[in-house]
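Asks: pasting the sequence and the predicted coordinates here, then a few questions.
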Amino acid sequence: MGLEQLLIVSAILFSIGLYGAMARRNVIVVLMSIELMFNAVNVALVAFSKYVEPAGVDAQLGLILTGQVFAIFIIAVAAAEIALGLGIVIALYRNSETVDVGEASLMRR
Amino acid sequence: MLFQDVIFWVLAVAAVASALAVVLLRDVFRAALMLVVVFLAVAGLYVMMNAEFLAVVQVLIYAGAIAILNIFAIMLTRDVQLGNLPNRLQPAAVLLPALMLAALVFVAVDTEWNLLSDRTDLADGVELVQANSVGGIPDEDRARIGAAADRSGLAELLINDFVLPFEIASVLLLAAVIGALVLVRER
């Protein structure tokens, strides 16, 4: 296990999430794919924080955990995003009886 | 092959396979359950990277809260029977992630990373810092690492260097809670 292997796993997860977000109709599956992408980015951040030497490391050893702090913020934002996203999905379903992204055309003229 | 490597590859293959299942399974409910497997495998990867606190947060927030919210949303919308249909973007939606994957893998393999492990004296300190990332550092270890490690724990980092994003995150979560309540409220 090393930085490159972790980055490759992260890249594969991100690409799968990107495919899901682009290619699927069900908006809940799109949201789940976005969660996949968040997870991939978190893996990459934590891997960088473990393996890569930050500039000026002698001054502050605490810099080494910065990647983990970023991952914590991403998790917080992802939780907010999924709560709002699913709220929007349910509001959309109430209004138009569909969760198909292609049929959500309320804002189209 | 090291025992650690075996665990890593098992976790990596589990994460990638269940991620593929999330986007490819016809049944949306099963896709949501496979997403939980992805989250748990990623939590395992965090443990492998000495990020135990993040692993716990991952299990609590992703596998606990977000997966349950997803399943609630699937249950509340009756389009589940339609399944996980593809849309008309298939060629582009395969091509773009494939290009993205190629670019990311090229960057990951080709770049000369400035690795920490090249400097063993520093790596020892890092192991110590990361092992104590949850609870701070015991006094004798703190003395050994020196003054540089004084602000090393994750919590200390959060309330010192990142205190402004930390507070903004709490406001963001409050706004998200209120927004979600307003969106799903019965009129």
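Replies: Right, received. Where do you want to start? Computed from a predicted model, the values in this text were never measured in an experiment. Residues are numbered from 1 along each chain as shown, chains lettered A, B, ... in the order given.
Asks: tell me which helix or strand of the chain sits lowest on mean pLDDT?
Replies: Chain wasn't specified; assuming chain A. helix A:66-96 (a mean of 90; mean pLDDT, DSSP states H and E).
Asks: ah, no, chain B please
Replies: Lowest by mean pLDDT, DSSP H and E among the helices and strands of chain B is helix B:139-145, with a mean of 47.
Asks: what helices or strands is the helix or strand immediately after it in the chain leaning on?
Replies: Per DSSP states H and E, the first helix or strand lying C-terminal to helix B:139-145 is helix B:154-159. If contacts are counted by 3 or more CB pairs under 8 Å, 6 or more residues apart in numbering or on different chains; DSSP states H and E, helix B:154-159 sits against helix A:66-96. To be clear about C-beta, it is placed using only N, CA and C from the backbone, and glycine gets the same treatment.
Asks: what ranges does chain B have for its strands?
Replies: Counting by DSSP state E, chain B has no strands at all.
Asks: is any residue of the least confident helix or strand of chain A near chain B?
Replies: Yes: against chain B, helix A:66-96 shows contacts by CB under 8 Å from any CB of the partner chain at A:66, A:68-69, A:71-73, A:75-84, A:86-91, A:93.
Asks: list buried members of those residues by neighbour count.
Replies: Among the residues of helix A:66-96 next to chain B, the ones that count as buried by 16 or more other CB atoms under 10 Å in any protein chain shown are A:66, A:68-69, A:71-73, A:75-76, A:78-84, A:86-90, A:93.
Asks: could you report the pLDDT at the residue sitting nearest the centre point of chain A?
Replies: The C-alpha lying nearest the average C-alpha coordinate of chain A belongs to residue A:38 (CA atoms, centre = their mean; 1.7 Å). Note for residue A:38: predicted pLDDT of 95.
Asks: contacting residues for it?
Replies: Counting by CB atoms under 8 Å, 6 or more residues apart in numbering or on different chains, residue A:38 makes contact with A:74, A:75, A:78.
Asks: 10 Å instead?
Replies: Listed by CB atoms under 10 Å, 6 or more residues apart in numbering or on different chains, the contact set of residue A:38 reads A:13-14, A:17, A:71, A:74-75, A:77-79, A:81-82, B:42, B:62, B:66.
Asks: with residue B:75 instead?
Replies: Residue B:75 sits next to B:29, B:32 when contact means CB under 10 Å, 6+ apart.
Asks: separation between it and residue B:69?
Replies: 11 Å (CB to CB, to the nearest Å).
Asks: overlap in contacts of these two?
Replies: Shared contacts of residue B:75 and residue B:69, defined by CB under 10 Å, 6+ apart, comprise residue B:32.
Asks: and residue A:52, its phi and psi?
Replies: Dihedral angles of residue A:52 (phi, psi; degrees, to the nearest 10) stand at phi -100, psi 140.
Asks: identify the bridge partners of it.
Replies: With beta bridges defined as DSSP bridges, residue A:52 has these partners: residue B:115.
Asks: so it touches residue B:108, yeah?
Replies: No: when contacts are counted by CB atoms under 10 Å, residue A:52 is not listed as touching residue B:108 (11.8 Å).
Asks: more neighbours: which of the two?
Replies: Shown here are residue A:52 and residue B:108; by other CB atoms under 10 Å in any protein chain shown, residue B:108 has more neighbours (20 against 16).
Asks: for that one, list the residues it contacts.
Replies: A:3, A:4, A:5, A:6, A:7, A:8, A:9, A:10, A:11, A:44, A:47.
Asks: tell me the confidence at the third one?
Replies: The predicted local distance difference test score for residue A:5 is 92.
Asks: that one touches residue B:4, doesn't it?
Replies: No: assessed by CB under 10 Å, residue A:5 is found out of contact with residue B:4, at 11.5 Å.
Asks: show me which of these two is the more surrounded one.
Replies: The residue with more neighbours, out of residue A:5 and residue B:4, is residue A:5; 15 against 10, by other CB under 10 Å.
Asks: where's the more buried one relative to chain B, distance?
Replies: Residue A:5 sits 7 Å away from chain B, going by CB to the nearest CB, to the nearest Å.
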